[in-house]
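**Q** sequence and predicted structure below; questions after.
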Amino acid sequence: MSSAATLPAPSSLPPPARAVATPTAAPTSTPTTAITASILRIYAVFQRSPSLGPSPSVNAAFSELVSLCIRPYDSATAAAILEDRRVRAIANALRAKCSEGEFLLEAWWANRILAEEGRGEEAWTSLRAFPYYQNYMDLSRLELSALAAVHPAPIGSLAFIGSGPLPLTSICLSTLLSPPPRRIHNIDMSPQAISVSRSLCARLGGAAARLSFECADAKEVALEEFDVVVLAGLVGGSANEKREILRSVVRRCGNGALLMLRSAHGVRRLLYQEVELAELQALGLDVLLVVHPWNEVVNSVVVCRVRERGRL
């Protein structure tokens, strides 16, 4: 879930660029050695940065890291990168840096749109300029396709846990779902994130204005009424934390509800915590579908069904 970091005020910083520079390896370096060195160098940039909010150096570092992690590596190369002792030593801390940076980027952008004071289509135009807007649309389409494969019926209600200050997934779903669900509910533990995202959606109007919001801990929120519950990739910074959150969420879902989890595969696991599929059965879930993208969509999609309580 999003951290409770202080939301940055809009500034004159330019929008984060999506273009990345491909690092050049020394002639004697193997591809794996060059990639590992780049990951360690980027992590050092994060450590030296006084803030992981948008800035030219931080933007360039995050863009390069994402570009490195989403390359279509073969299994041997991916394993060599992830099992490097230096990479293993920083993996959890690197994911934490990514979580903080993503939160600050989204907060900065949401505050920028609010500061512009545009409404309706003008606000939508500003939102579509967000550098990863298309990535969110592509991920939302992928997730809806996965849901349709196991649940070929309209979605009546959906809860998104870990919506953050810029609830792009819910905004995308509000425009893509047809017929529109009676409720798309956003949950985050940060009061600031909820306040900013509620104001932003009111400014956007249309389908976004119908989204609802709640400031709550994922382990305590009531979820029985929802047909589909989505757990954001940043919810649970470690494997143990994600497992405990999942355990609580499953207990609070209704029998037969669909739980959609964002996971990661291959080197993308340096960006987001992987969901351990083998543990889901013991938590009361039946895994129905797993999708691993190989394009610019970073997250894997895991669709599960909550078993009836008598079968747990």
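**A** Yep, it's here.

**Q** please count neighbours and contacts with C-alpha atoms only from this point.
**A** Will do.

**Q** which residues touch the residue lying closest to Pro167 once chain neighbours are set aside?
**A** Of all residues not flanking Pro167 in the chain, Ser197 sits nearest, at 6.4 Å (Cα to Cα, 6 or more residues apart in numbering). By Cα atoms under 8 Å, 6 or more residues apart in numbering, Ser197 lies in contact with 110, 164-167.

**Q** narrow the residues you listed to those in strands?
**A** Among the contacts of Ser197, no member is found in strands (DSSP state E).

**Q** of all these, which two lie farthest apart?
**A** The span of those, defined through Cα to Cα, is set by Ala110 and Gly164 at 10.3 Å.

**Q** if you count what's nearby, which of the two comes out ahead?
**A** Counted by other Cα atoms under 10 Å, Ala110 and Gly164 do not tie: Gly164 has more neighbours, with 31 against 27.

**Q** the more buried one and Ser75, how far apart?
**A** With distances taken as Cα to Cα, to the nearest Å, Gly164 is found 33 Å from Ser75.

**Q** what of Val298?
**A** Distance from Val298 to Ser75, counting by Cα to Cα: 17 Å.

**Q** the two: which has the busier surroundings?
**A** Taking other Cα under 10 Å, Val298 and Ser75 do not tie; Val298 has more neighbours (24 against 10).

**Q** looks to me like that one is in a strand.
**A** No - Val298 is assigned coil when assessed by DSSP: H, G, I helix; E, B strand; the rest coil, not a strand.

**Q** OK, contacts around it?
**A** By Cα under 8 Å, 6+ apart, the residues touching Val298 are 70, 264, 268.

**Q** and which of the residues you listed is nearest Asn92?
**A** If you rank these by distance to Asn92 using Cα to Cα, Arg268 comes first, at 12.8 Å.

**Q** wait, doesn't the closest one sit right on Pro72?
**A** No - assessed by Cα atoms under 8 Å, Arg268 is found out of contact with Pro72, at 10.1 Å.

**Q** tell me which of the two has more neighbours.
**A** Arg268 (23 against 14).

**Q** show residues contacting stretch 279-297.
**A** Counting by Cα under 8 Å, 6+ apart, residues outside stretch 279-297 touching it are 70-72, 135-136, 138-139, 146, 150, 246-247, 250, 264-265, 277, 299-307, 311-312.

**Q** list only those of the residues you listed flagged as buried.
**A** With neighbours counted using 16 or more other Cα atoms under 10 Å, the contacts of stretch 279-297 contain these buried positions: 70, 136, 138-139, 146, 246-247, 250, 264-265, 299-307.

**Q** low-confidence bits of the stretch 51-200 of the chain, can you list those?
**A** Applying pLDDT under 70 to the stretch 51-200 of the chain picks out no residues at all.

**Q** that one: strands as residue ranges?
**A** Using DSSP state E, counting those that start in this stretch, the strands found in the stretch 51-200 of the chain span residues 157-161, 183-188.

**Q** next one: phi and psi at Leu289?
**A** With angles defined as degrees, to the nearest 10, Leu289 sits at phi -160, psi 140.

**Q** what's the burial count for it?
**A** Residues near Leu289, counting by other Cα under 10 Å, number 15.

**Q** let the chain start at 473 from now.
**A** With 473 as the first residue, the last one maps to Leu761.

**Q** tell me how far it lies from Phe602.
**A** Per Cα to Cα, Leu761 is found 30 Å from Phe602.

**Q** ok, Ile507 next?
**A** 28 Å.

**Q** what's the answer for Phe685, then?
**A** 22 Å.

**Q** with Thr647 instead?
**A** Taking Cα to Cα, one finds Thr647 at 17 Å from Phe602.

**Q** same question for Ser710.
**A** Distance from Ser710 to Phe602, by Cα to Cα: 28 Å.

**Q** and Glu697, by the same measure?
**A** Separation of Glu697 from Phe602 (Cα to Cα) stands at 32 Å.

**Q** the two: which has the busier surroundings?
**A** Shown here are Glu697 and Phe602; by other Cα under 10 Å, Phe602 has more neighbours (18 against 15).

**Q** isn't the more buried one up against Trp581?
**A** Yes - counting by Cα under 8 Å, Phe602 touches Trp581, with 7.2 Å between them.

**Q** good, wrapping up.
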